[in-house]
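K.L.:
Generate a structure from the sequence data that follows.
(one chain, ligands or ions: 1)
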Amino acid sequence: MSLQPYYWSDPMQEQFDVEIESILEANGHFHITINEPIVKPAGGGQAGDRGVLILGEKKYEFIDTILHDGHTVLVMKNSPTRGKGKAILKLDMTWRKAMMTNHTSEHIFVGAMKRKYPEIKLGKIWIDGFHGTVVLEGKIIPLEKILEIEDEVNGLIRDSISVTTKVVSADEVDESVRAREGVTSKNEIIRLVNVGEFDSSACSGIHVTNTNEIRMFKIIDVKPQDRNTHIEFISGANAVRTLAEIYNTVLTRKYSYPFEIEQLGSILDKSKTLQSAYEEAIEKILLLMKEGPNKEQLNEVSFWHEFLPGCDMSTIRHLIKELNVEEPSVTLFLTTGKKTNVIMWTKGMPKDAAYYIAEIVEDLGGRGGGSADAYTGGFTDIDNPQELFQNLIEKVKGRILE
Ligand SMILES: [Zn+2]
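P.N.:
Alright, predicted model coming up:
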């Protein structure tokens with residue numbers, strides 16, 4: 001079948017002699033039509049080839065390839081001035097190889113996804129020399145599950161599986177082949193791309209010949225949208241380089257921080273906690289400046305209660321020593337550092353500190369203990385410490401007023 005494009009049989013050939021048929025200016029770009037189907041035009045969710053056209057000493061870069069009325073058209077920013085004639089076309093092989101690894105890994109990834117979730121449909125895809133995106137329709141797939149499939153894809157890459165292509169007539173295509181709706185009815189011949197026994201799909205794009213050429217497949221973004229899952233990935237040299245960059249971003253901070261790389265997850269969690277504690281602390285400072293301390297008079301007893309985000313227990317103990325509070329009084333502080341802690345301190349009260357608070361803390365799911373004039377307690381997994389504190393204040397107030 002001589003009409004098959006060259007990139008179907010030998011996607012690694014880099015240089016070709018071509019014949020320029022026409023040059024047209026359109027939308028600020030030049031469209032150079034060549035007579036040979038050797039470069040891959042954009043289509044089917046895949047970007048076109050890139051490269052240069054060489055005329056004598058001069059090189060003209062093309063940034064895309066499109067198909068126009070069955071002709072291969074190179075899209076250029078600058079164009080040779082003369083029309084028809086011979087030229088040498090040299091492909092940007094970095095771009096092409098990246099498209100080949102991105103596209104083949106898309107086949108393996110979507111194939112693995114379809115095995116796990118037969119109900120999903122492959123929606124829009126886009127593949128270029130930077131990355132690939134796929135939309136899996138009909139299901140929101142959790143990130144952890146997608147990362148499990150990523151691992152499976154990398155296993156298949158390491159297994160060095162042959163990727164073969166075969167042109168068959170449309171009626172030979174059966175259910176086991178992944179094909180978009182209408183593909184077998186619209187075309188007489190179908191090109192099958194097989195990743196060993198793992199996946200077979202109808203596709204006219206460019207692929208590697210062995211999965212080990214992909215080297216690495218990495219998911220870089222997952223977004224649920226409506227009932228679909230949008231997934232972005234990279235592969236090949238780009239994936240290896242990106243992973244090294246991210247690792248080095250961490251490594252260069254390892255000694256100045258310092259931390260162990262294995263702790264990265266908890267460090268990010270901690271930074272999120274600190275950020276929200278910081279914001280709450282600022283809010284608290286502003287409130288204290290505007291409204292002063294939260295003190296109320298309950299008969300003779302002065303009751304002082306403050307929510308102190310971002311403070312730890314030792315800071316609070318230190319603060320209490322410095323405070324000069326009147327008698328009789330109850331001072332109740334709640335802190336939200338690593339844990340949600342409560343400290344209560346009494347002065348000149350008829351009963352031990354624990355009497356006013358211990359049962360209440362236990363009822364609210366916390367634990368604690370104390371001496372005659374101090375009680376400390378702690379809570380774990382508190383989503384809304386302010387709400388907890390309001391609750392605590394009301395109940396302690398009840399006890400003081402008994
Ligand atoms: Zn393909």
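
K.L.:
isn't Leu91 right next to Glu14, touching?
P.N.:
Yes - at 5.3 Å, Leu91 and Glu14 qualify as touching, with contact defined as C-beta atoms under 8 Å. Any C-beta I mention is one placed from the backbone N, CA and C, and that applies to glycine too.

K.L.:
okay, the two: which has more neighbours?
P.N.:
Remark: of Leu91 and Glu14, Leu91 carries more neighbours, 24 against 11, as counted by other C-beta atoms under 10 Å.

K.L.:
gap between the residue lying closest to that one once chain neighbours are set aside and Thr165?
P.N.:
Nearest non-adjacent residue to Leu91, counting by C-beta to C-beta, 6 or more residues apart in numbering: Gly51, 4.1 Å away. According to C-beta to C-beta, to the nearest Å, Gly51 and Thr165 sit 22 Å apart.

K.L.:
So for these two, which sits in the more crowded spot?
P.N.:
With neighbours defined as other C-beta under 10 Å, Gly51 and Thr165 compare such that Gly51 has more, 23 against 17.

K.L.:
if I look at the more buried one, how far off is Thr65?
P.N.:
Gly51 sits 8 Å away from Thr65, going by C-beta to C-beta.

K.L.:
Quick check: neighbours shared by the two?
P.N.:
Common contacts of Gly51 and Thr65 (C-beta atoms under 8 Å, 6 or more residues apart in numbering): Val39.

K.L.:
which intervals of the stretch 51-200 of the chain have sub-threshold pLDDT?
P.N.:
Where the stretch 51-200 of the chain drops to pLDDT under 70, the residues are 82-83, 181-182.

K.L.:
mind listing the helices for it?
P.N.:
All helices of the stretch 51-200 of the chain, identified by DSSP state H, counting those that start in this stretch, fall at 93-116, 143-158, 183-186.

K.L.:
counting contacts, what elements does the longest one pack onto?
P.N.:
For helix 93-116, the helices and strands in contact under the criterion 3 or more C-beta pairs under 8 Å, 6 or more residues apart in numbering; DSSP states H and E are strand 121-127, strand 132-137, helix 143-158, strand 189-195, strand 199-202, strand 217-225, strand 228-235, helix 236-254.

K.L.:
repeat that with 6 Å
P.N.:
Using 3 or more C-beta pairs under 6 Å, 6 or more residues apart in numbering; DSSP states H and E, the elements in contact with helix 93-116 are strand 121-127, helix 143-158, strand 199-202, strand 228-235, helix 236-254.

K.L.:
quick one: buried residues of that helix?
P.N.:
93, 95-114 (16 or more other C-beta atoms under 10 Å).

K.L.:
quick one: Ile206 and Tyr7 touch, right?
P.N.:
Yes - Ile206 is within contact range of Tyr7, at 5.4 Å (criterion: C-beta atoms under 6 Å).

K.L.:
want to throw the helices and strands packed on helix 93-116 into a markdown table with mean neighbour count and distance to the ion?
P.N.:
Output for the helices and strands packed on helix 93-116, formatted as a markdown table (neighbours: other C-beta atoms under 10 Å; distance: least, C-beta to the ion, whole Å):
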| stretch | mean neighbour count | distance to the ion |
| --- | --- | --- |
| strand 121-127 | 16 | 8 |
| helix 143-158 | 17 | 15 |
| strand 199-202 | 21 | 7 |
| strand 228-235 | 22 | 13 |
| helix 236-254 | 14 | 15 |
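
K.L.:
Let me have the ones you listed in CSV, adding distance to Asn384 as columns.
P.N.:
Listed next are these as CSV, based on distance: least, C-beta to C-beta, whole Å:
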stretch, distance to Asn384
strand 121-127, 39
helix 143-158, 26
strand 199-202, 48
strand 228-235, 31
helix 236-254, 33
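
K.L.:
returning to that earlier point: in contact with the residue nearest to Leu91, which residues are there?
P.N.:
Each residue near Gly51 by C-beta atoms under 6 Å, 6 or more residues apart in numbering is listed here: 62, 90-92.

K.L.:
Please check those and keep the buried ones.
P.N.:
Counted by 16+ other C-beta under 10 Å, the contacts of Gly51 give 62, 91-92 as buried.

K.L.:
Close to the ion: what parts of the stretch 151-300 of the chain are there?
P.N.:
203, 205 (C-beta under 5 Å from the ion).

K.L.:
can you tell me the residue of the stretch 151-300 of the chain closest to the ion?
P.N.:
In the stretch 151-300 of the chain, the residue that lies nearest the ion is Cys203 (3.1 Å; C-beta to the ion).

K.L.:
And for stretch 169-184, what's in contact with it?
P.N.:
With C-beta under 6 Å, 6+ apart as the criterion, stretch 169-184 contacts 187-190, 200-202.

K.L.:
scratch that, stretch 283-292 is what I was asking about
P.N.:
By C-beta under 6 Å, 6+ apart, stretch 283-292 touches Pro309.

K.L.:
Pull out the buried residues from it.
P.N.:
So for stretch 283-292, counting by 16+ other C-beta under 10 Å, buried means Lys284.
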